[in-house]
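Trainee: quick one, what's the 3D model for this:
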Amino acid sequence: MRLTRDGAWSESVAVVAALADGDKSEAAEIVRTSGDPELVTEGLLHVLSALMRLAGPESGRLVEFCRARPTPPPIPVLLSPR
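Mentor: Model prediction:
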């Protein structure tokens, strides 16, 4: 069942809350089981954009931090059963 934009936004916020709690698996589960993962992902891009704007000049540090790190391992719950 597809979500409304409001429903997808609520799920996006739930993902952010799970990440704030340090629970990547829960965040991934919310996205994986969403009725509209693409719309939830769009919401997450809006959140990331807001975060980058709030960080102001410091946002460059986040970008450099990410560039300097190796590719992170997969979050197991995101892997589809084969």
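Trainee: make it CA atoms for all contacts and neighbour counts henceforth
Mentor: Noted.
Trainee: number of residues surrounding residue 33?
Mentor: Using other CA atoms under 10 Å, residue 33 has 10 neighbouring residues.
Trainee: let me know the pLDDT of it.
Mentor: At residue 33, the pLDDT value in this model is 94.
Trainee: mind listing what it touches?
Mentor: Residue 33 makes no contacts at all, as judged by CA atoms under 8 Å, 6 or more residues apart in numbering.
Trainee: can you give me phi and psi for it?
Mentor: Residue 33 has phi and psi values of phi -100, psi 0 when expressed as degrees, to the nearest 10.
Trainee: for the helix or strand encompassing residue 47, name the packing helices and strands.
Mentor: In this structure, residue 47 is located in helix 37-55 according to DSSP states H and E. Helix 37-55 sits against helix 5-20, helix 24-32, with contacts defined as 3 or more CA pairs under 8 Å, 6 or more residues apart in numbering; DSSP states H and E.
Trainee: quick check: end-to-end length of stretch 57-73?
Mentor: 29 Å (CA to CA, to the nearest Å).
Trainee: picking that back up, for residue 42, which of the helices and strands packed on helix 37-55 is the nearest?
Mentor: helix 5-20 (8.4 Å; CA to CA).
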